[in-house]
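Engineer: Fold the following for me, if possible:
(4 chains)
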There are 2 protein chains.
Amino acid sequence: MQHLANPAEEAGGPKGGGDGRRSKAQVGRGGDGGASGAGRKSLHQQILEDLRSRILSGEWPPGTQLPFEQDIAKSYGCSRMTVNKAMTQLAAAGLIERRRKAGTFVRRPQSASVIVEIVDIGREVAALGLPYHFEIISREIRKASTAEAERLGEETRVVAIQCRHFAARQPFCFEDRLISLDAVPEAETADFEATSPGAWLVSRVPWSDVEYRIKAVAADRETAGRLLIAEGAPCLAIWRRTTSEGRPITFVRLTYPGSDHEVSASFSSKAG
Amino acid sequence: MQHLANPAEEAGGPKGGGDGRRSKAQVGRGGDGGASGAGRKSLHQQILEDLRSRILSGEWPPGTQLPFEQDIAKSYGCSRMTVNKAMTQLAAAGLIERRRKAGTFVRRPQSASVIVEIVDIGREVAALGLPYHFEIISREIRKASTAEAERLGEETRVVAIQCRHFAARQPFCFEDRLISLDAVPEAETADFEATSPGAWLVSRVPWSDVEYRIKAVAADRETAGRLLIAEGAPCLAIWRRTTSEGRPITFVRLTYPGSDHEVSASFSSKAG
DNA sequence: TAGTGGTCTAGACCACCAC
DNA sequence: TGGTGGTCTAGACCACTAA
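Structural biologist: Next up, the predicted model:
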């Protein structure tokens, strides 16, 4: 009946703690009870961050079973309600999935919104019912230039990749990407011929923050040639910068030809 | 000392309830305790939806003070913790603001993300440090055509407005908008010469869900004339559909000239 | 059927902040 | 300084579901 199939074990003990049992004297302290300034965090928030960090860092990859509420509560020396508050938030954020009786598991990366879904261009093309393939045009490993470092948000060695995505023999998208070797050292040797850089990254760094910049541009000579469109034709240019826990992961420029491509997104102020 | 400056009063009693006191016998029932099928909601979720509905509907406009946790708890016949759970979620979603001692207040509409901020083009232009003005090109009240009803998501009478936004005498954006008179009857007589339709709507319907579609298009002859650009020049076309509590409010097409305009957005899977 | 998460309570102490 | 929200507890019952 062993739970915690994968890691867990020393799930989430208090930062310095041994067995983690908090003395009753500390109970019911309210705020932070002493330490002023930096370390002001409620316990449920601390627990939330601990758990989230393990998920985001990849220490607990998708599918990992988390410890049970009771066990985490024990390891923090707090009540189950406090743990529940943290885990409920993680579930609401979509990081974990909770099933009665079964337990709590790290979820697979989900599209936070429609716009995020186009991370994987292959799936995007497949959704259109068209055959998909891609080709690597160039691949270099080098130190990021000043401009590149600015776009990426970090001075580091990078893998610079250019590739084209096709939908039924027609160029669908031109991709110009930088991957930080500081954050993802495995990218140096990854086989991007087999798996497109975007799809590879998604499987490597499942959780991340994303910033988009979207604009309409006229195709210059080079772009026109790459996408087999007329020079000056309108293109949708998407710049996307991805970070995980504040660390830059990748910066990519996607250029979609003509009026064919469309980005959709939805936002809401829902609180449910 | 009276709180509840505005409405509240009969804050949030149970749906059918009189004074709302729940008998002790119902306490600790867990799930839904009986009614199967449709009415399965936890109490804190019910409270959340009740409060949210009052905010979204405009019954409690921005600035309104909500009843205190204790009072709401009393009116629902539940404990303060249960109310706190609902209000904490509303606060996390940005609908309300909570201050110790002061109480809880409905917040002003905030940009859920950067992309939402361009709802008010005037502010967008002002952010660029340029003088802003706009002109109404046409305004009609009519029944939505089939195509329009589809875009809006509802068959209803609408106000159809076309206008241009300027940044320092230069056309900045062409706007083609439909407003549902079913959802916003006041739009029939509103003075859109004084306040642009977008800004007027934001003040009228502060909270809403938004869907975007963004694409690059070549300017047709008409658009080129409106924006004073060359025919065939690339434009960023943004279609935006706004709903509030599921009801269509407005549908707008914004066309921005050339490569000048840029949409930015950010997403994250954060759980904090 | 047993075990897990979902929910709720009736109190409690505390920090913060308006008054 | 008093009142409000923020947090936490030590239970409890229930629903759901995997075993």
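Engineer: switch to C-alpha atoms for all contacts and neighbour counts from now on
Structural biologist: Fine.
Engineer: quick one: residue A:130 and residue A:168 touch, right?
Structural biologist: Yes - between residue A:130 and residue A:168 there is a contact under C-alpha atoms under 8 Å: 5.8 Å.
Engineer: low-confidence ranges in chain A?
Structural biologist: Low-confidence segments of chain A, defined by pLDDT under 70, span residues A:1-40, A:109-119, A:206-207, A:259, A:267-272.
Engineer: ranges for the strands of it?
Structural biologist: A:65-66, A:96-99, A:103-106, A:132-143, A:157-167, A:170-180, A:209-218, A:234-244, A:247-257, A:262-267 (DSSP state E).
Engineer: quick one: the closest residue to DNA strand C within the stretch 101-250 of chain A from residue A:192, how far?
Structural biologist: Nearest residue of the stretch 101-250 of chain A to DNA strand C (C-alpha to the nearest atom of the strand) works out as residue A:101 at 3.4 Å. Residue A:101 sits 41 Å away from residue A:192, going by C-alpha to C-alpha, to the nearest Å.
Engineer: ditto for residue A:140
Structural biologist: From residue A:140 to residue A:192 the distance is 12 Å (C-alpha to C-alpha).
Engineer: what do you get for residue A:255?
Structural biologist: Applying C-alpha to C-alpha, the value for residue A:255 to residue A:192 is 19 Å.
Engineer: Same drill for the two, tell me which one is more crowded.
Structural biologist: The residue with more neighbours, out of residue A:255 and residue A:192, is residue A:255; 26 against 17, by other C-alpha atoms under 10 Å in any protein chain shown.
Engineer: got a list of what the nearest residue to that one once chain neighbours are set aside touches?
Structural biologist: In space, and not counting its chain neighbours, residue A:255 is closest to residue A:237: 4.6 Å by C-alpha to C-alpha, 6 or more residues apart in numbering or on different chains. Under the criterion of C-alpha atoms under 8 Å, 6 or more residues apart in numbering or on different chains, the neighbours of residue A:237 are A:214-217, A:253-256.
Engineer: Any idea what residue A:237 is bridged to?
Structural biologist: With DSSP bridges as the criterion, residue A:237 is bridged to residue A:215, residue A:255.
Engineer: just the one 10 residues further on next, same as before
Structural biologist: With DSSP bridges as the criterion, the beta-bridge partners of residue A:247 are residue A:244.
Engineer: Dihedrals phi and psi, the residue of the stretch 101-250 of chain A closest to DNA strand C?
Structural biologist: Dihedral pair for residue A:101: phi 70, psi -40, per degrees, to the nearest 10.
Engineer: Next, count neighbours for it.
Structural biologist: Residue A:101 has 6 neighbouring residues, counting by other C-alpha under 10 Å.
Engineer: any idea how far DNA strand D is from it?
Structural biologist: Per C-alpha to the nearest atom of the strand, to the nearest Å, residue A:101 is found 5 Å from DNA strand D.
Engineer: How about residue A:166, nearest residue that isn't a chain neighbour?
Structural biologist: residue A:172 (4.8 Å).
Engineer: The one you found and residue A:254 touch, don't they?
Structural biologist: No - between residue A:172 and residue A:254 no contact is recorded; they are 10.0 Å apart, counting by C-alpha under 8 Å.
Engineer: Neighbour count: the two, which is higher?
Structural biologist: Neighbours of residue A:172 and residue A:254, each counted by other C-alpha under 10 Å, are more numerous for residue A:172; the result is 25 against 19.
Engineer: contacting residues around the more buried one?
Structural biologist: Counted by C-alpha under 8 Å, 6+ apart, residue A:172 has contacts A:164-166, A:227, A:256-257.
Engineer: and the gap between it and chain B?
Structural biologist: 14 Å (C-alpha to the nearest C-alpha, to the nearest Å).
Engineer: next one: residue A:174
Structural biologist: Taken as C-alpha to the nearest C-alpha, the span from residue A:174 to chain B is 15 Å.
Engineer: That residue - how many residues pack around it?
Structural biologist: 22.
Engineer: list the contacts for it?
Structural biologist: A:162-165, A:226-227, A:253-256.
Engineer: what are the bridge partners for the closest residue to it other than its chain neighbours, then?
Structural biologist: The shortest distance from residue A:174 to any non-neighbouring residue, by C-alpha to C-alpha, 6+ apart, is to residue A:164 (4.7 Å). Going by DSSP bridges, residue A:164 is paired in beta bridges with residue A:135, residue A:174.
Engineer: Can you verify my assumption that residue A:164 contacts residue A:122?
Structural biologist: No - using C-alpha under 8 Å, residue A:164 is not in contact with residue A:122; the gap is 11.2 Å.
Engineer: Quickly check: stretch A:62-72 near DNA strand C or not.
Structural biologist: Yes - judged by C-alpha under 7 Å from any atom of the strand, stretch A:62-72 comes into contact with DNA strand C through A:67-70.
Engineer: Show me the residues you listed that map onto helices.
Structural biologist: A:69-70 (DSSP state H).
Engineer: Now neighbour count and distance to residue A:263 too, for the residues of stretch A:62-72 next to DNA strand C, in TSV please.
Structural biologist: Shown next, in TSV, are the residues of stretch A:62-72 next to DNA strand C (neighbours: other C-alpha atoms under 10 Å in any protein chain shown; distance: C-alpha to C-alpha, whole Å):
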residue	neighbour count	distance to residue A:263
A:67	21	39
A:68	18	40
A:69	19	40
A:70	15	44
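Engineer: Is it correct that residue A:181 is in contact with residue A:159?
Structural biologist: Yes - the pair residue A:181 / residue A:159 is scored as a contact, 6.8 Å apart, by C-alpha under 8 Å.
Engineer: Mutual contacts of those two, please.
Structural biologist: With C-alpha under 8 Å, 6+ apart, residue A:181 and residue A:159 have common neighbours A:187-188.
Engineer: Which of these two has more residues huddled nearby?
Structural biologist: residue A:159 (23 against 20).
Engineer: Break chain A down into its domains, please.
Structural biologist: Following automatic domain parsing, chain A resolves into domains at A:24-106, A:114-257.
Engineer: now, of the ones you listed, which is deepest in the fold?
Structural biologist: Across those, the average number of neighbours (mean count of other C-alpha atoms under 10 Å in any protein chain shown) peaks for domain A:114-257, which reaches a mean of 19.
Engineer: hmm, back to that, from the contacts of residue A:237, pick the one nearest DNA strand D.
Structural biologist: residue A:214 (36.2 Å).
Engineer: now the closest one: how far from residue A:237?
Structural biologist: Distance from residue A:214 to residue A:237, counting by C-alpha to C-alpha: 6 Å.
Engineer: Also residue A:167?
Structural biologist: 18 Å.
Engineer: now do residue A:243
Structural biologist: From residue A:243 to residue A:237 the distance is 20 Å (C-alpha to C-alpha).
Engineer: same thing with residue A:125?
Structural biologist: 17 Å.
Engineer: same thing with residue A:192?
Structural biologist: On the measure of C-alpha to C-alpha, residue A:192 and residue A:237 end up 23 Å apart.
Engineer: just the residues of the stretch 101-250 of chain A that are near DNA strand D, which are they?
Structural biologist: A:101-102.
Engineer: who in the stretch 51-200 of chain A is up against DNA strand C?
Structural biologist: Residues of the stretch 51-200 of chain A lying near DNA strand C by C-alpha under 7 Å from any atom of the strand: A:67-70, A:81, A:84, A:87-88, A:98-104.
Engineer: so which two of the residues you listed are the farthest from each other?
Structural biologist: A:81 and A:102 (18.8 Å; C-alpha to C-alpha).
Engineer: Next up, the contacts around residue A:153.
Structural biologist: Contacts of residue A:153 (C-alpha under 8 Å, 6+ apart): residue A:248.
Engineer: run the last query once more with 10 Å
Structural biologist: By C-alpha atoms under 10 Å, 6 or more residues apart in numbering or on different chains, the contact list for residue A:153 reads A:147, A:180, A:241-243, A:246-251.
Engineer: Thanks again, I'm all set now.
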